[in-house]
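Participant: output the structure for:
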Amino acid sequence: MIPRTLWMTLPPTVMLITCILFTLALNGIIYAAIPLLGICYEILYAIMVPTASKLFGLKHFGLIYSSMGLGNPTGALLVSGLLAGFAYDAEAAKQDSSACVGHDCFEVTFLVLAGVCGFGTILSIILTVRIRPVYQLLYSEGSFRLPQTPGH
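Facilitator: Residues are numbered from 1 along each chain as shown. As a prediction, this is how the structure comes out:
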């Protein structure tokens, strides 16, 4: 049985690669990268909810679920509202224009996002290693969904 926390390393790793591809500004990459980022985000969110309930229980699940929901608007404010705007304006100033042209406009933003995704991958690996004993305990006798028959 593969722990959910190990599955949580896949989406940020793919997102890391996608953000690096964005910085390279390859022709047509946007058509593949945007849906891939959306799919990775949804996979990650679908894995996080049951993982949080398994790790922390259901007693305070509403608070934990709401806290997970704060990540998206917080990230949007920090990355879209502050970082991307600042990077765009700085690059436009370098070009002596009010509008930025070229892939350099958001290169710093995508590199920062790649770093955040890399950090998320590392944290997922650390979490997987730390909770490995819990998964071994849960699944040491096989699946808990299947009744164990004596003598088999």
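
Participant: for the protein, just list every one of the helices.
Facilitator: Remark: helices assigned in the chain by DSSP state H are 4-7, 10-24, 29-56, 61-69, 71-75, 85-94, 107-130, 132-138.

Participant: in the second one, what counts as buried?
Facilitator: Right, helix 10-24. For helix 10-24, burial by neighbour count (16 or more other C-beta atoms under 10 Å) applies to 11, 12, 13, 14, 15, 16, 18, 19, 21, 22, 23. Backbone N, C-alpha and C define where each C-beta goes, glycine included.

Participant: between those residues, which is closest to residue 124?
Facilitator: Within the buried residues of helix 10-24, proximity to residue 124 (C-beta to C-beta) peaks at residue 12, which comes in at 6.7 Å.

Participant: against residue 85, how distant is the closest one?
Facilitator: For residue 12, the distance to residue 85 (C-beta to C-beta, to the nearest Å) stands at 24 Å.

Participant: residue contacts, the residue sitting nearest the centre point of the chain?
Facilitator: If you average the C-alpha coordinates of the chain and look for the closest C-alpha using C-alpha atoms, centre = their mean, you land on residue 12, 4.1 Å from that point. Residue 12 makes contact with 40, 44, 117, 118, 120, 121, 124, according to C-beta atoms under 8 Å, 6 or more residues apart in numbering.

Participant: export those residues to TSV and append columns for pLDDT, neighbour count and distance to residue 57.
Facilitator: Putting the contacts of residue 12 into TSV (pLDDT from 0 to 100; neighbours: other C-beta atoms under 10 Å; distance: C-beta to C-beta, whole Å) gives the following:
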residue	pLDDT	neighbour count	distance to residue 57
40	93	19	27
44	89	19	21
117	95	22	29
118	96	16	30
120	93	18	23
121	95	19	26
124	92	23	20
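
Participant: what is the nearest of these to residue 96?
Facilitator: When the contacts of residue 12 are compared for distance to residue 96 (C-beta to C-beta), residue 117 wins out at 33.1 Å.

Participant: not counting sequence-adjacent ones, nearest residue to residue 6?
Facilitator: Take residue 6 and drop its neighbours on the chain: the residue closest to it by C-beta to C-beta, 6 or more residues apart in numbering is residue 128, 4.7 Å away.

Participant: by mean pLDDT, flag the weakest helix or strand of the chain.
Facilitator: Sorted by mean pLDDT, DSSP states H and E, the helices and strands of the chain end with helix 132-138, the least confident at a mean of 76.
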